[in-house]
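**Student:** heads up, no residue letters with this:
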């Protein structure tokens, strides 16, 4: 059995290949994570064109800085998501700040509103990532309960599990989702990712 702190073999090999400058590695990385990167960027920015730009920036960053990924800190997927979130939030801050600067004033209330929007977008993107990354039994239970308005009894019947198991899945899914708010504060600009 593999040790818990050892990243998947693919992650380590990918980092090594990127560090050697293998262009094919970047293509594989893009194939595996482009939809994740784009959807997270779009979730933060709410704009297709801006999300496309962030997607390009993220893969450029991954290509130029493969050493930024520390396998001991977790999976490559999580690092890619963190880089995406940081870059998308920075793009949102930059565009909103520029809009405030062009306007009549950049009052403290407007700047506070900007930071509030950035935090909400960051938390929403993280929650989206958590939901899509959680095990499918937990995700299925949450989708039934919250999108289809099923209670735990109906969820149990729909999933073909006991009521206790349905409650357990919902509780675990909600616990995972609750971490989105805890980690929702974006990293400082220029900080380590």
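**Tutor:** Right, received. Where do you want to start? Just so it is clear, the model here is predicted, and its values are computed rather than measured.
**Student:** where does this protein dip in pLDDT?
**Tutor:** Applying pLDDT under 70 to the chain picks out residues 1-7, 97-112, 114, 182-193.
**Student:** so where do the helices sit in this structure?
**Tutor:** Taking DSSP state H as the test, the helices found in the chain are 9-19, 23-45, 48-64, 76-102, 108-133, 136-142, 152-159, 163-182.
**Student:** closest one to residue 70 among those?
**Tutor:** For residue 70, the closest of the helices of the chain is helix 76-102, at 7.8 Å, according to C-beta to C-beta. For the C-beta atoms, the positions are set from N, CA and C on the backbone; glycine is no exception.
**Student:** Once you drop chain neighbours, what's closest to residue 57?
**Tutor:** residue 87 (5.5 Å; C-beta to C-beta, 6 or more residues apart in numbering).
**Student:** my guess is that neighbour meets residue 59, correct?
**Tutor:** No - using C-beta atoms under 8 Å, residue 87 makes no contact with residue 59, being 10.5 Å away.
**Student:** Distance check, residue 171 against residue 155.
**Tutor:** Distance, residue 171 to residue 155, by C-beta to C-beta, to the nearest Å: 12 Å.
**Student:** Output the helices of the chain as a markdown table; include the columns distance to residue 70 and mean neighbour count.
**Tutor:** Rendered in a markdown table, the data for the helices of the chain read as follows (distance: least, C-beta to C-beta, whole Å; neighbours: other C-beta atoms under 10 Å):
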| stretch | distance to residue 70 | mean neighbour count |
| --- | --- | --- |
| helix 9-19 | 9 | 16 |
| helix 23-45 | 16 | 18 |
| helix 48-64 | 14 | 17 |
| helix 76-102 | 8 | 19 |
| helix 108-133 | 19 | 16 |
| helix 136-142 | 27 | 18 |
| helix 152-159 | 37 | 17 |
| helix 163-182 | 20 | 16 |
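**Student:** What separation do you get for residue 41 and residue 35?
**Tutor:** Counting by C-beta to C-beta, the gap from residue 41 to residue 35 is 11 Å.
**Student:** Next: residue 142.
**Tutor:** 21 Å.
**Student:** Can you report how many residues lie near residue 160?
**Tutor:** By other C-beta atoms under 10 Å, the residues close to residue 160 number 8.
**Student:** start at 417 instead
**Tutor:** Let's use 417 as the start, then, which means that last one is residue 576.
**Student:** How about the backbone phi and psi for it?
**Tutor:** Phi and psi for residue 576, reported as degrees, to the nearest 10, are phi 70, psi 40.
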